[in-house]
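*Asks:* after the sequence you'll find the predicted model.
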Amino acid sequence: MPEWIIVSLRTLLAVVVLFFMTKLLGKRQVSELSLFEYITGITIGSIAASICLDLNTSWYLGVLSLVIWSGITIGIEYLQLKSKKARDFIDHRGTVLIQNGKILEDNLKKIRITSDELLTRLRQKNMFKVADVEFAIMEPNGDINVFPTKENQPLTPKDLGIQIPHETVPQTVIMDGKILDHSLNNLGLNRRWLHTELDKAGVTVENVFLGQVDDMGELYLDLFDDTIQVPKPKTRQLLLATLQKALADVKGFALDTNDPKAKKMYRACQEKLEQVIAKVKPRLQ
């Protein structure tokens with residue numbers, strides 16, 4: 001058999017075996033890798049290359065080596081799940097680099113990182129002054145996480161006393177010009193509603209690359225043709241405007257009437273409407 005055919009068959013075999021081994025090892029192989037996982041990825045890649053090109057070695061020995069190495073990796077990962085001591089020994093613990101605004105030089109030497117590299121990594125976290133850092137730690141995967149000082153932390157709605165309502169994840173109802181009925185069912189909607197919304201926007205399903213519905217029932221569309229402008233949904237703005245108009249009407253009724261009971265009723269309605277608007281306004285703006 002010609003060598004090019006043998007190499008092609010070995011390559012296909014290696015791709016199939018690698019695919020199943022990677023699925024078995026899990027997604028961490030292609031995300032943030034620990035030291036051992038990094039070594040595992042390099043070794044498995046080298047073994048796969050040997051299976052493809054080393055014609056002097058039996059292919060099944062390479063496959064056997066892949067299976068054994070993957071089995072050892074799975075065993076070590078299982079041991080890490082069961083034992084914190086094993087995790088600390090294999091992946092090491094996180095190393096504190098800055099504590100209470102002070103750089104720990106001994107820890108920098110321990111992990112062999114220079115002050116220049118530390119400053120570079122801090123700048124990658126948008127921290128340009130060491131004095132602005134309260135706490136910094138290097139994780140086992142080599143990433144540095146930074147906790148800024150109190151005065152340099154971003155302002156949040158909680159700091160301002162603003163209550164933000166819970167918001168659910170948008171549901172994708174159209175993908176690549178195809179309607180996803182299960183997503184519509186999850187929202188309690190149907191195709192008739194979807195086609196009505198598409199008619200309002202002046203587009204057809206076939207022209208939609210992606211369509212999502214948020215928890216307010218608004219449909220956001222991205223078309224295949226980016227030159228076409230799709231009008232943005234205005235359900236939230238219309239609802240807020242309706243509430244504000246109702247509030248203005250109630251205020252007007254309270255001013256126009258001379259009946260004490262009616263005035264008291266309108267005042268009570270005004271207070272309730274103001275409370276409702278204050279709660280929903282962050283979501284409707």
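*Replies:* All right, it came through fine.

*Asks:* what is the burial count for residue 57?
*Replies:* Applying other C-beta atoms under 10 Å, we find 12 residues neighbouring residue 57. In this view, the C-beta of every residue, glycine as well, is placed from N, C-alpha and C.

*Asks:* the residue lying closest to it once chain neighbours are set aside: which element?
*Replies:* With C-beta to C-beta, 6 or more residues apart in numbering as the criterion, residue 57 has its nearest non-adjacent residue at 6.7 Å, and that residue is residue 50. Assigned by DSSP states H and E, residue 50 belongs to helix 35-53.

*Asks:* again with residue 72
*Replies:* Going by DSSP H and E, residue 72 is part of helix 59-82.

*Asks:* distance between that helix and the chain's centre?
*Replies:* On the basis of C-alpha atoms, centre = their mean, to the nearest Å, helix 59-82 sits 30 Å off its chain's mean C-alpha point.

*Asks:* now that helix: buried residues?
*Replies:* Residues 59, 62, 63, 65, 66, 70, 73, 77, 80 are the ones in helix 59-82 that count as buried (16 or more other C-beta atoms under 10 Å).

*Asks:* okay, those residues in TSV with pLDDT next?
*Replies:* Output for the buried residues of helix 59-82, formatted as TSV (pLDDT from 0 to 100):
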residue	pLDDT
59	74
62	79
63	81
65	83
66	80
70	80
73	80
77	78
80	74
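
*Asks:* and of these, the nearest to residue 38?
*Replies:* Proximity of these to residue 38 was ranked by C-beta to C-beta; the top entry is residue 73 with 11.6 Å.

*Asks:* helix/strand/coil for the residue positioned nearest the centre of the chain?
*Replies:* The residue lying closest to the centre of the chain (C-alpha atoms, centre = their mean) is residue 169, at 11.2 Å. Per DSSP: H, G, I helix; E, B strand; the rest coil, the secondary structure class of residue 169 is coil.

*Asks:* pLDDT score for it?
*Replies:* If you check residue 169, the pLDDT there is 78.

*Asks:* need phi/psi at it.
*Replies:* Main-chain torsions, residue 169, degrees, to the nearest 10: phi -70, psi 130.

*Asks:* go on, residue 148?
*Replies:* Dihedral angles for residue 148 - degrees, to the nearest 10 - are phi -70, psi 160.

*Asks:* ok, it - contacts?
*Replies:* Residues near residue 148 by C-beta atoms under 8 Å, 6 or more residues apart in numbering: 127, 132, 133, 134.

*Asks:* return the distance of it relative to residue 118.
*Replies:* 16 Å (C-beta to C-beta, to the nearest Å).

*Asks:* residue 208 now?
*Replies:* From residue 208 to residue 118 the distance is 48 Å (C-beta to C-beta).

*Asks:* of the two, who's got more company?
*Replies:* Neighbour totals were compared for residue 208 and residue 118, and residue 208 leads with 24 against 18 (other C-beta under 10 Å).

*Asks:* quick check: pLDDT value at the residue nearest to the more buried one when sequence neighbours are not counted.
*Replies:* In this structure, residue 208 finds its nearest non-sequential neighbour in residue 174, 4.7 Å apart by C-beta to C-beta, 6+ apart. pLDDT for residue 174: 92.

*Asks:* so which of the buried residues of helix 59-82 is the closest to residue 152?
*Replies:* residue 80 (35.2 Å).

*Asks:* wait, isn't residue 122 in contact with residue 138?
*Replies:* No: if you go by C-beta atoms under 8 Å, residue 122 and residue 138 don't touch, sitting 11.4 Å apart.

*Asks:* now do the shared contacts for those two.
*Replies:* Taking C-beta under 8 Å, 6+ apart as the criterion, residue 122 and residue 138 both touch residue 144.
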